[in-house]
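# With the input below, show me the fold.
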Amino acid sequence: MSTVIKPAVFQRNIGAGSTSVSERFADYAATFDIERVPNDVVYLAKLHLLDSFGIALASTTREFAQRALMAARGLAGEGSSPVIGMSVRLPMRDAAMVNGALVHGLAFDDTYTAGIFHASSSAVPTMLAAALANRKSGRDALAAYIIGIEVGTRIAKAAGGDFHVAGFHSTSVVGTYASAMIAGRLMDLTEQQLTHAQGLAHSMAGGMREYHTDGAWSKRIHPGLAATNGLTSAAWAKHGFTGPRTCYEGKYGLYNCMTDQSEPDVDACTYGLGEEWEIINVAFKPYPACNWTDAYIDCALAIREEHNLQPDEIESVTAYVHKDQMAICEPENRKRRPQNSYSSQFSIHYTIAAALARGRFTLTEIQPAAFLDPDIASLSDRVSYEVTDSTLFPEYFSGAVSIRTTDGRELSHSQQYNRGSDLSPISATEVADKFEDNAQRAVSERRAKRIRKAIMGLETADDLLELDSAICLASD
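Modelled structure (predicted):
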């Protein structure tokens, strides 16, 4: 029998006069002044909001969105909070739950690659619910959103992708703490209450990655759970419930319990906080698939275009993948034959094959007509993978593809930086175009433009009522 050696438990010396990570975050949130935020950061934040709302609208056309709405409505009935792109209002936490599923459900939402964290998928529904419930201005809402992104990305960065390695979904885990800070700011919590809110969130953070085995829908609910738990944590802290102040660095804190690091870099949580802006490093998604596949799709499309390559000219395809990205590679029989849309988005075999077959990878390529297409299936059978260390993972989601043609040519392409990241950015125009395409799958061009105007003018809005009215079809 082998002996399992557990890493030494790491705990910073937090004495009565010391400041814990949660206390530093609380001070940051309580004293945050959006007037001190650079204009380009505020503008970028609005682009992330625009992107998120567009994805949520596109999601309403899918079966999972309707089932989520039915489940939430069946639990607690209707309420006053908007569900993006729906004609029903729900109680605040139920609306946040469904909205989280809408933003994240198409695997098209922004990602902080340094921590494998979908930053906006819980931040947006939390901000929307709490700002409306507390009658906050658009500027207040923007400030809270930026706080949540800056806190959440740093929590994720300190783990460096190890939540995923340990089997936890970083988006669900980290989003709970970040959402507590967003809600706490919009509920006017004191510094002490904000500290307790994080401690309470510590008892609620979770989300397991077993969904990768069969493409189950459970991943879609994780951001909504994070938003709901963040709202709950803030509300309970406001009314006197306490939580541990060492929820990150303690013996039973986040990093000791949910990573295998013997000495996590908790200083990364607050390094540069208030001076450097991690939102700049949150990547927009170019494709509706797992972020890990994006660079491989780009590589396949680049080879196809450069060589005018046709599917019948392809003998074999090899993708070179980091050892910690096997979730998109195994088991190969299932990855080559995805049985539903979600499985297709998390398959290196399918995404490469679809891109090579169709010269694109859009929301159309995750529909049954695509993943059941025999031409794509034939190409999927010719795709395999090899493990490589020549990658910047997890800081960036690199990709490399090699294709052997039927006439003996070896064609290859590699991409170090995933498109949408800081070193391979997507332009503001591309984000706006993505929003229009996504939004108009669900609503009219006129309504889409109204939503866009409300979001991009948020910092001058006295409240969120125009945005509320624009996104909720029940307002008609």
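# Outside of stretch 387-394 itself, which residues are in contact with it?
113-116, 160-161, 320-325, 398, 400, 416-417 (C-beta atoms under 8 Å, 6 or more residues apart in numbering). Any C-beta I mention is one placed from the backbone N, CA and C, and that applies to glycine too.
# same question for that stretch, mean pLDDT?
Confidence over stretch 387-394 (mean pLDDT, whole number) is 93.
# same thing with stretch 371-381?
On average, stretch 371-381 scores 96.
# again, but for stretch 143-154
The pLDDT scores in stretch 143-154 average 98.
# residue contacts, P311?
Contacts of P311 by C-beta under 8 Å, 6+ apart are 356-357, 375, 378-379.
# for those residues, which one is nearest L423?
Proximity of these to L423 (C-beta to C-beta) peaks at L356, which lies at 25.6 Å.
# with the contacts of stretch 387-394 in mind, which one is nearest to L69?
Of all the contacts of stretch 387-394, L69 sits closest to I116, with 28.3 Å by C-beta to C-beta.
# Now, of the contacts of stretch 387-394, which are buried?
By neighbour count, with 16 or more other C-beta atoms under 10 Å, the contacts of stretch 387-394 hold 113-116, 160-161, 320-322, 324-325, 398, 400, 416-417 as buried.
# Sort out for me which of the residues you listed are in strands.
In strands, judged by DSSP state E, the following of those are found: 320-321, 400.
# Using CSV, lay out the residues you listed together with distance to C247 and pLDDT.
Formatted as CSV, these follow (distance: C-beta to C-beta, whole Å; pLDDT from 0 to 100):
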residue, distance to C247, pLDDT
Y320, 39, 98
V321, 34, 98
A400, 39, 98
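# Mind putting those into JSON lines with distance to D109?
Shown next, in JSON lines, are these (distance: C-beta to C-beta, whole Å):
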{"residue": "Y320", "distance to D109": "26"}
{"residue": "V321", "distance to D109": "22"}
{"residue": "A400", "distance to D109": "25"}
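# The residue most central in space within the chain and A96: what is the separation?
Closest to where the C-alpha atoms of the chain average out (C-alpha atoms, centre = their mean) is H118, at 1.7 Å. Shown here: H118 relative to A96, a distance of 15 Å by C-beta to C-beta, to the nearest Å.
# and if you look at E445?
Distance of E445 to A96, given as C-beta to C-beta: 28 Å.
# who's more crowded, those two?
When E445 and A96 are compared for neighbours, A96 comes out ahead with 34 against 10, by other C-beta atoms under 10 Å.
# For the more buried one, give me its contacts.
Residues near A96 by C-beta under 8 Å, 6+ apart: 81, 125-126, 128-129, 224, 227-228, 231.
# So which of the residues you listed sit within strands?
Those of those lying in strands (DSSP E): S81.
# Take the contacts of A96 and keep only those in helices.
125-126, 128-129, 224, 227-228, 231 (DSSP state H).
# So which of the ones in strands among the buried ones among the contacts of stretch 387-394 is the closest to D214?
V321 (20.2 Å).
# any idea which element the residue nearest to that closest one when sequence neighbours are not counted lies in?
The spatial neighbour of V321 that comes closest, neighbours along the chain excluded (C-beta to C-beta, 6 or more residues apart in numbering), is Y385 at 4.9 Å. Applying DSSP states H and E as the criterion places Y385 in strand 383-387.
# buried stuff in that strand?
So for strand 383-387, counting by 16+ other C-beta under 10 Å, buried means 383, 385.
# Pairing partners for it, with directions?
Looking at strand 383-387 with DSSP bridges, its partner strands are strand 314-321 (parallel).
# Just after the strand it pairs with, pick out the following helix or strand.
In N-to-C order, the element after strand 314-321 by DSSP H and E is helix 332-336.
# Let me see the residues that make contact with whichever helix or strand comes after that next one.
For helix 332-336, the following helix or strand on the C-terminal side (DSSP H and E) is helix 341-345. Residues from elsewhere that reach helix 341-345 (C-beta under 8 Å, 6+ apart): 62, 107, 211, 214-217, 219-220, 288-290, 293, 334-335, 338, 350-351, 354, 365-368, 370-371.
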